[in-house]
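Participant: give me coordinates for this.
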Amino acid sequence: MRRTKLKEIFTQKENFSEKEVYVYGWVRTNRSQAQFGFLNVNDGTCFETVQVVYDDKLINFEEISKFRVGMSVFIKGIVKLTPEMKQPLEIHATEVKMLGDCPENYPIQPKRHTREFLRDVAHLRARTNLFSAVFRIRSVAAQAVHTYFQDRGYVYVHTPLITCADCEGSDQMFKITTFNMEKLPLDEKGKVDFSKDLFGKQAYITGSGQLQGETFAMAFSDIYTFGPTFRTENSNTKTHANEFWMIEPEMAFCDLNGLMDIEEEMLKFVVKYVMDKCPSEIDFCDSFVEKGTKQKLQSLVDSKFVRISHHDVIDILKKANVKWEFEPSYDEDIAKEHERYITEYFNGPVFITDWPKDIKAYYMKLNDDGKTVAAVDLVVPQAGELMGGSQREEDLEKLFKRMEEMHVNASEIDWYLDTRRYGGCVHSGFGMGFERLIMYLTGVDNIRDVIPYPRTPKNCEY
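Facilitator: Residues are numbered from 1 along each chain as shown. Just a heads-up that it's a prediction; the model follows:
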């Protein structure tokens, strides 16, 4: 008996009209009356649920009328198109069987639950409409990322999760060890002797695959990484997590302007791909998560991203008739309130370029003014910063100098410096937090609600 998936039925409804189908799924609601009833069933293959009509001609009618929310069921029946009704079709059951019982205390009842409550039952929350939409969009967005890069000849590189390379700063990286914490081996100076650890040195869980990605870009020209990254940041904001996914492309023979071209094209591609593949989910988010989500996404696809220097952004902010919580400065980062103002000022996404060198990483290309680097952040309406990247410093001597200024131990990443010694070239790359993208696509405002099992300070459940 071949299982009929609801996705097939809804996408090919004319072909299934008056045909017998075999549906397996879970009960979302059950409205029983004296001689007939309606089961609302979802099988996980699409966002939509199907209405199953059952009546007292079925031998187990009384049993079916008592089916509870959450039960898994088998439905055999005939598809009936209902264009005049709210739903496009329904199934008239000829057989209904319970496959798995579900007690009355099942937490996901057909009512509005707070997101805070649903985080406490994260293993069940995917059964709700909200998280059905969010995690299906996440899945499709991941496919869109791969499609964009694969169709353009990028090589997908699996950079290591365990590393001894310090890209983001070891104070933000998780340390790993095989040592017994009760009996740490010490050297003659009384410090932990990591030469006796598994890797013979201090090792970390990666905070970025960028450094390894750059080495592959020097062989394949265009590469990308897409995988989990980890930071020890003890932050309880709505936009930070200790485990998240990053998209990090690196392109040889590409300067800052070329980098921005790729960022804009890639983001528009992913947004349009998701809108095309997930219309029901986007409609749900537009109606129940963030009003205007659909228009926000379409506006991004249709817009031309503005490009402006950090210095000129600060000029605009200083001239604005606004009382800032954080006063804008030519030497510092910009705050969320500044990002919001700038996107509203230009009525769309904005690339902010040429940042003060002292607040950016050592590997970024030093500009001719000696004060700024060829870095770029993309800020978008309502979400703020979405991507960050730079042209990399290809000049070995300048890179050495920057590392000295920022107290980076060159000997620990000597292999990385070979990318400048042996056939180095102009190259650029960017990073985008995948969860930030999902928040933007769905309108969900908390990163904990776009990751299946969030890892945040004091929270490592499941």
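
Participant: drop to CA atoms for contacts and neighbour counts, all remaining ones
Facilitator: Fine.

Participant: next, the nearest residue to R3 once chain neighbours are set aside: secondary structure please.
Facilitator: Nearest residue to R3, sequence neighbours excluded (Cα to Cα, 6 or more residues apart in numbering): Y22, at 5.3 Å. Secondary structure state of Y22, per DSSP: H, G, I helix; E, B strand; the rest coil, is strand.

Participant: tally of neighbours for Y22?
Facilitator: As a burial measure, Y22 scores 17 neighbours (other Cα atoms under 10 Å).

Participant: mind listing what it touches?
Facilitator: 1-4, 74-77 (Cα atoms under 8 Å, 6 or more residues apart in numbering).

Participant: any of these buried? List them.
Facilitator: 4, 74-77 (16 or more other Cα atoms under 10 Å).

Participant: pLDDT weak spots in the protein?
Facilitator: 166-170 (pLDDT under 70).

Participant: ranges for the helices of this structure?
Facilitator: Along the chain, counting by DSSP state H, helices occupy 6-11, 13-16, 61-64, 115-119, 129-151, 210-220, 256-277, 279-288, 293-302, 310-319, 336-346, 396-405, 414-421, 434-442.

Participant: list the buried residues of the first one.
Facilitator: Buried positions in helix 6-11, judged by neighbour count with 16+ other Cα under 10 Å: 6-7, 9-10.

Participant: list the contacts of it.
Facilitator: For helix 6-11, using Cα under 8 Å, 6+ apart, the contacting residues are 16, 23, 42-43, 45-46, 48-50.

Participant: next one: it to chain centre, how far?
Facilitator: 27 Å (Cα atoms, centre = their mean, to the nearest Å).

Participant: output it as CSV, nothing but the C-alphas.
Facilitator: Presented in CSV, the C-alpha positions along helix 6-11 are these (Å, rounded to 0.1, in the frame of the first residue of the first chain):
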residue,chain,number,x,y,z
LEU,A,6,0.1,15.4,1.3
LYS,A,7,2.7,17.5,-0.7
GLU,A,8,1.9,15.4,-3.8
ILE,A,9,-1.8,15.8,-3.3
PHE,A,10,-1.8,19.6,-2.8
THR,A,11,0.7,20.2,-5.7
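
Participant: ok, now which ones touch the residue of the chain positioned farthest from its centre?
Facilitator: The C-alpha centroid of the chain is most remote from K57, which lies 48.7 Å away (Cα atoms, centre = their mean). Residues near K57 by Cα under 8 Å, 6+ apart: none.

Participant: returning to that earlier point: dump the helices of the chain into a markdown table; add distance to Q382 as well.
Facilitator: Converted to a markdown table, the helices of the chain look like this (distance: least, Cα to Cα, whole Å):
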| stretch | distance to Q382 |
| --- | --- |
| helix 6-11 | 33 |
| helix 13-16 | 38 |
| helix 61-64 | 47 |
| helix 115-119 | 20 |
| helix 129-151 | 18 |
| helix 210-220 | 28 |
| helix 256-277 | 15 |
| helix 279-288 | 14 |
| helix 293-302 | 9 |
| helix 310-319 | 17 |
| helix 336-346 | 7 |
| helix 396-405 | 35 |
| helix 414-421 | 37 |
| helix 434-442 | 8 |
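
Participant: and of the ones you listed, who's closest to V157?
Facilitator: Nearest of the helices of the chain to V157, taken as Cα to Cα: helix 210-220 at 7.1 Å.

Participant: run through who's touching that closest one.
Facilitator: So helix 210-220 is contacted by 154-155, 157, 159, 165, 167, 223-225, 248-252, 416, 419, 424 (Cα under 8 Å, 6+ apart).

Participant: what about the closest residue in space to V140 that isn't next to it in sequence, how many residues nearby?
Facilitator: Of all residues not flanking V140 in the chain, V274 sits nearest, at 6.2 Å (Cα to Cα, 6+ apart). Using other Cα under 10 Å, V274 is surrounded by 23 other residues.

Participant: which of the helices of the chain is buried the deepest?
Facilitator: Burial of the helices of the chain is given as mean neighbour count (mean count of other Cα atoms under 10 Å); helix 434-442 ranks first at a mean of 23.

Participant: then it to PDB, C-alphas only?
Facilitator: Output of helix 434-442 as PDB, limited to C-alpha atoms (Å, rounded to 0.1, in the frame of the first residue of the first chain):
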ATOM      1  CA  PHE A 434      22.700  31.600   8.800                       C
ATOM      2  CA  GLU A 435      20.400  32.100  11.800                       C
ATOM      3  CA  ARG A 436      20.400  35.900  11.200                       C
ATOM      4  CA  LEU A 437      19.300  35.100   7.700                       C
ATOM      5  CA  ILE A 438      16.400  32.900   8.900                       C
ATOM      6  CA  MET A 439      15.300  35.600  11.400                       C
ATOM      7  CA  TYR A 440      15.200  38.000   8.500                       C
ATOM      8  CA  LEU A 441      13.300  35.600   6.200                       C
ATOM      9  CA  THR A 442      10.700  34.700   8.800                       C
END
